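> sequence below, structure please.
(chains A and B)
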Amino acid sequence: TQLLEQSPQFLSIQEGENLTVYCNSSSVFSSLQWYRQEPGEGPVLLVTVVTGGEVKKLKRLTFQFGDARKDSSLHITAAQPGDTGLYLCPRYNTDKLIFGTGTRLQVFP
Amino acid sequence: ETGVTQTPRHLVMGMTNKKSLKCEQHLGHNAMYWYKQSAKKPLELMFVYNFKEQTENNSVPSRFSPECPNSSHLFLHLHTLQPEDSALYLCASSQFAGYYGYTFGSGTRLTVV
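Residues are numbered from 1 along each chain as shown, chains lettered A, B, ... in the order given. All right, here's what the predicted structure looks like:
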């Protein structure tokens, strides 16, 4: 069973600060997805990374897949209140996603 | 509009009622999923359908009964639920077995009284 740990679990910051969220595993992943979920809504796919060392940017969000494909990070530059939400990096297992508790981010104005 | 539409958005039902949740996607995806999200808990996979065939039942109680009449529609039939079944029920769809990601609906907020 591939275990995937996300850190930190909670993060409260002021608008304009930078932050990084980590997703780590002891196993190799063929791909890794990041989602953001707002209260009362379904998760929204932000990015899928498939190649070791891959870096993808989505405006102020930068996603990186580790060279060994065992870990990933999400970096947010100059966070805004609109970035508030639950960030998830589920474990992909054959044909289904298994979600953990994620990182709950709160950005204060 | 996410491409996956769930109805109703909110549902309150008594423990003796029978109701159904509906999920619809016109993205051309061949897999559909039901997840349950209770307060402050991770999303919990309930059922998986591939090409209309159920390929996963994650030990879900029989008071939850899924139905997938075609690749675009998915239902979750509910009967004799318990208050602890109150949760956000999310439907998702995917192509290529979800390798590149899922598209989720906005969910149905279910309250059992």
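> for the worst-scoring helix or strand of chain B on mean pLDDT, packing partners?
Every helix and strand of chain B was ranked by mean pLDDT, DSSP states H and E. The lowest is strand B:53-57, at a mean of 90. Judged by 3 or more Cβ pairs under 8 Å, 6 or more residues apart in numbering or on different chains; DSSP states H and E, the packing partners of strand B:53-57 are strand B:44-50, strand B:64-70. All C-beta spots, glycine's among them, are computed from the backbone N, C-alpha and C.
> again, 6 Å this time
strand B:44-50 (3 or more Cβ pairs under 6 Å, 6 or more residues apart in numbering or on different chains; DSSP states H and E).
> and the residue of chain B nearest chain A?
Using Cβ to the nearest Cβ, the single residue of chain B nearest to chain A is residue B:104, 3.2 Å away.
> ok, residue B:69 - how many residues close by?
9 (other Cβ atoms under 10 Å in any protein chain shown).
> what of residue A:88?
25.
> that one touches residue A:35, doesn't it?
Yes - judged on Cβ atoms under 6 Å, residue A:88 makes contact with residue A:35 at a distance of 4.4 Å.
> what sits opposite the residue lying closest to residue B:67 once chain neighbours are set aside in the beta ladder?
Of all residues beyond its chain neighbours, the one nearest residue B:67 is residue B:75 (4.4 Å), with distances taken as Cβ to Cβ, 6 or more residues apart in numbering or on different chains. Taking DSSP bridges, one obtains residue B:22, residue B:67 as the residues bridged to residue B:75.
> that's all I had, so thanks and see you.
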